[in-house]
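Chemist: Pasting the sequence and the predicted coordinates here, then a few questions.
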Amino acid sequence: MSINQKRGFKYLTFTLAPALLIVLMVLVPTMSMGQGEESQVPAEFETCTDCHNDTTLITGKATAWSGSGHGTGTAYLRSTNAGCAGCHSGGAFSAMVAAGQSPNQVTTGDHSPTRQSCRACHQIHETYTGTDWALETTAPVGLYAIEGTTFDGGSGNLCTNCHQPRRAAPVGVDGQVTGISSHWGPHHGPQSSMLLGTGGAALEGSAAGHYTFVGDTCVSCHLGANDNHTFTPSVAACTTCHAGASNFDIGGRQTAIQAKIDQLGTLLVNAGLLSSTDPAEAHPNVSSAPEDQAYALWNWILIAKEDRSKGVHNPAYTEDLLDASIALMCDGAPALSIMVDNVYWASLADYTGRLLSVDYIIGNGGTNAFNVMLTNSSANNGVSVASPLPASIGDMTAGASAPITLQYNVPSGVSTFRASNGATAQDNCGTTYEYGTQP
């Protein structure tokens with residue numbers, strides 16, 4: 001470029017700049033017109049502000065939801081499997097509900113799975129108004145694994161589409177239950193059937209008050225009056241009916257039920273049926289079992305691992321299932337017997353002091369016996385027992401026997417006497433049984 005060309009370019013730049021300035025001076029006032037006036041939302045978007053506004057309507061619920069079970073974890077990744085998609089993916093759940101299907105009727109997996117977000121439960125962007133917060137469905141739900149059973153719990157019906165058992169309780173064939181696996185049980189989320197008092201093995205119950213008297217069932221307790229989207233129930237939601245409640249252990253019911261859960265779990269572990277009493281780690285250890293044991297195993301899984309309310313959903317049915325299951329796992333009374341094995345003076349001093357030794361054999365012809373005790377011994381003809389009682393024998397397996405020696409003070413001139421002995425033993429459930437003569 002020549003010097004003259006450069007001068008021409010500079011001149012051009014200089015001459016254009018005022019023109020550009022003039023244009024900007026014209027445009028800027030035009031762009032700033034209306035300052036101080038209310039902004040106008042185009043008519044076609046006016047209803048959007050029902051939701052998208054300067055309140056925490058959306059952000060507050062989203063923040064709470066993000067810490068919930070529905071908003072965290074990786075369970076949604078299982079949705080690529082058709083059998084899991086309807087409940088594990090938010091998008092697949094919406095499609096399932098729209099199609100009027102149950103989870104077992106979904107035939108394709110979701111290869112772009114999502115968590116159960118706002119769209120899973122609400123009719124987002126259907127009308128672009130505030131009515132889009134309406135639930136996807138509140139229609140009564142037939143429990144597909146429990147034929148002839150319908151859950152009709154208001155807004156809680158939405159939850160029941162997934163919070164229902166996938167399998168019915170087992171029924172033994174020729175006294176056995178087969179097909180047990182590490183994933184055996186009703187599957188996650190049988191809360192609806194528990195509320196109805198059904199789904200347990202070998203025992204039906206009645207619907208809980210939390211079903212019959214709480215209008216929107218799940219939603220009333222887990223969201224409460226403030227629509228808490230952590231879905232963690234609040235004690236405040238209980239006090240309408242349970243005045244003065246300060247926690248969920250109302251009347252100590254949860255504590256009592258947890259003790260029975262622990263007892264049943266220990267029995268199942270000791271029997272080799274269950275891997276652990278920790279619900280998070282526990283799984284069946286067997287592929288088949290006698291039906292009574294299988295029923296007890298199913299009920300522990302239902303209550304401890306899957307429902308997880310410690311009886312809150314249906315305290316009466318929960319306790320009945322636990323009591324029945326504990327009874328099924330109890331071996332029953334041991335069959336103790338006691339017989340004389342030998343009678344002798346153990347030493348010259350004992351002979352002189354009239355201290356007679358009697359060897360007994362205690363036998364157990366029944367089930368395993370625990371904490372066997374010889375509690376007392378009495379005799380006629382003025383004879384008295386000199387040994388300290390009660391005396392511990394310990395545990396005795398079925399068919400076992402154990403020796404014990406007692407010494408008696410025998411008055412001079414007494415050549416015979418009859419002794420009456422008493423004993424106690426416990427079965428594997430801790431029930432105590434008495435044998436012989438008790439004081």
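Modeler: Cool, the structure landed.

Chemist: can we go C-alpha only for contacts and neighbour counts from here?
Modeler: Will do.

Chemist: where are the low-confidence patches of the protein?
Modeler: Residue ranges of the chain with pLDDT under 70: 1-41.

Chemist: just the strands in it please.
Modeler: 141-142, 150-151, 176-178, 288-290, 336-345, 355-364, 369-379, 384-385, 391-396, 401-409, 419-426, 432-436 (DSSP state E).

Chemist: nearest to Ile124, of these?
Modeler: Ile124 lies closest to strand 141-142 among the strands of the chain, at 22.1 Å (Cα to Cα).

Chemist: related to what we said a few turns ago, using CSV, please lay out the strands of the chain together with distance to Ala282.
Modeler: Shown next, in CSV, are those (distance: least, Cα to Cα, whole Å):
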stretch, distance to Ala282
strand 141-142, 30
strand 150-151, 29
strand 176-178, 19
strand 288-290, 17
strand 336-345, 35
strand 355-364, 33
strand 369-379, 26
strand 384-385, 50
strand 391-396, 28
strand 401-409, 36
strand 419-426, 27
strand 432-436, 29
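
Chemist: how about those, which one is nearest Gln101?
Modeler: Minimum separation from Gln101 across the strands of the chain (Cα to Cα) falls at strand 141-142, 10.4 Å.

Chemist: which residues are in contact with that closest one?
Modeler: Gly148, Thr149, Thr150, Phe151, Asp152, Asn157, Thr160, Asn161 (Cα atoms under 8 Å, 6 or more residues apart in numbering).

Chemist: Out of those residues, flag the one nearest to Ala82.
Modeler: The closest of those to Ala82 turns out to be Asn161 (Cα to Cα; 15.8 Å).

Chemist: nearest residue to the closest one other than its sequence neighbours?
Modeler: Spatial nearest neighbour of Asn161, chain neighbours left out: Val141 (6.5 Å); criterion: Cα to Cα, 6 or more residues apart in numbering.

Chemist: what about the one you found, distance to Ser66?
Modeler: Distance, Val141 to Ser66, by Cα to Cα, to the nearest Å: 27 Å.

Chemist: chain center to stretch 158-176, what's the gap?
Modeler: The chain centroid and the centroid of stretch 158-176 are separated by 15 Å, computed with Cα atoms, centre = their mean, to the nearest Å.

Chemist: For the closest residue to Gly67 other than its chain neighbours, give me its contacts.
Modeler: For Gly67, ignoring the flanking residues on the chain, the nearest one in space by Cα to Cα, 6+ apart is Thr230 at 6.3 Å. When contacts are counted by Cα under 8 Å, 6+ apart, Thr230 touches Ala64, Trp65, Ser66, Gly67, Ser68, Gly69, Leu223.

Chemist: can you do 6 Å?
Modeler: By Cα atoms under 6 Å, 6 or more residues apart in numbering, the residues touching Thr230 are Ala64, Trp65, Ser68.

Chemist: care to break the protein down by domain?
Modeler: Listed domain ranges for the chain are 179-329, 336-436 (source: automatic domain parsing).

Chemist: Return the most buried member of those.
Modeler: domain 179-329 (a mean of 19; mean count of other Cα atoms under 10 Å).

Chemist: Distance from the chain centre to it, please.
Modeler: Mean C-alpha position of domain 179-329 versus that of the full chain (Cα atoms, centre = their mean) differs by 5 Å.
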